[in-house]
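Undergrad: the sequence and its predicted three-dimensional model are supplied below.
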Amino acid sequence: KYQAVIFDLDGVICSTDTYHYQAWKAIADELKIPFNETINHRLRGVSRMESFEIILEKYDKEMSREEKVSWTEKKNEIYKELLKNMSPADLSEEVKSTLDALREKGLLLAIGSSSKNAGFILGQLGLGEYFDAVSDGNNITKSKPDPEVFVKAAQFIGKEPEVCLVVEDAKAGVEAAKAGGMDCAAIGDAVKCGMAEHNLSTFADLLQVVQES
Ligand code: BG6
Ligand code: MG
């Protein structure tokens with residue numbers, strides 16, 4: 001059934017959670033806003049500005065649009081500095097060999113990520129030229145749970161949504177896949193939402209899901 005797999009990036013192909021956390025924590029500390037891992041968790045899959053709005057729920061002053069833009073830019077500078085620590089060694093053997101095996105079976109492989117840093121991260125991991133298409137925060141106007149990022153990914157590789165399988169670790173991403181008419185394989189935290197067609201206990205389980213489809 002499936003002819004293509006569209007992967008979320010952060011939390012699926014690699015783990016950037018602690019870098020996001022450290023960068024947001026620096027901003028929150030400067031603004032004297034309480035911030036912890038639980039709040040960080042809510043930022044998964046949503047855009048940079050939406051993430052900041054969630055952090056600002058605990059801020060009791062008013063902030064202009066310009067100020068918000070400037071704080072999110074500052075967060076991204078810190079985040080990008082931290083991303084420089086990433087290298088091909090951060091790509092797990094399991095992920096790489098599963099991707100290679102899927103490609104061997106003739107499936108097209110794409111990225112569907114809310115991040116505007118997707119290209120940079122893929123480069124750091126040594127996957128700069130690997131995927132057949134990359135749909136990310138730079139080519140969308142609405143972020144997950146809106147389906148736009150996945151719909152665009154499917155268009156980029158020339159496949160109908162029905163033959164695409166999305167792999168997601170965040171509830172917002174599973175919702176986005178569903179809204180785009182695509183099946184979803186949940187991994188990690190997204191399994192809990194119980195909304196996906198398939199639930200993976202390991203990334204390599206993906207091979208079996210595709211084989212049995
Ligand atoms: C998603 C992450 O992939 O990208 C979110 O899960 C993040 O936590 C979003 O907010 C936007 O990322 P960036 O890199 O454009 O700030
Ligand atoms: Mg994710």
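TA: Happy to help now that I have it. These numbers were taken from a predicted model, which means no experiment stands behind them. Ligands and ions are numbered 1, 2, ... in the order given.
Undergrad: any buried residues in stretch 185-197, and which?
TA: A185, A186, I187, G188, A190, V191, C193, A196, E197 (16 or more other CB atoms under 10 Å). (C-beta placed from N, C-alpha, C; glycine too.)
Undergrad: and the strands in this protein?
TA: Using DSSP state E, the strands of the chain run over 4-7, 108-112, 133-135, 164-168, 183-187, 198-200.
Undergrad: now render those strands as CSV, adding distance to V95 and mean pLDDT.
TA: Formatted as CSV, those follow (distance: least, CB to CB, whole Å; pLDDT from 0 to 100):
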stretch, distance to V95, mean pLDDT
strand 4-7, 9, 98
strand 108-112, 12, 98
strand 133-135, 16, 98
strand 164-168, 10, 98
strand 183-187, 11, 98
strand 198-200, 12, 97
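Undergrad: find the closest residue to ligand 2 in this structure.
TA: G11 (3.4 Å; CB to the ion).
Undergrad: wait, isn't that residue in contact with K171?
TA: No: contact between G11 and K171 fails when scored by CB atoms under 8 Å: they sit 11.6 Å apart.
Undergrad: need the residues touching each of those two.
TA: Residues touching both G11 and K171 by CB atoms under 8 Å, 6 or more residues apart in numbering: D189.
Undergrad: which residue, other than its chain neighbours, is closest to G11?
TA: Closest residue in space to G11, ignoring its immediate chain neighbours: D169 at 3.7 Å, by CB to CB, 6 or more residues apart in numbering.
Undergrad: same check, this time on S213
TA: Using CB to CB, 6+ apart and skipping the chain neighbours, the partner closest in space to S213 is K1 (4.0 Å).
Undergrad: number of nearby residues for that neighbour?
TA: K1: 9 surrounding residues under other CB atoms under 10 Å.
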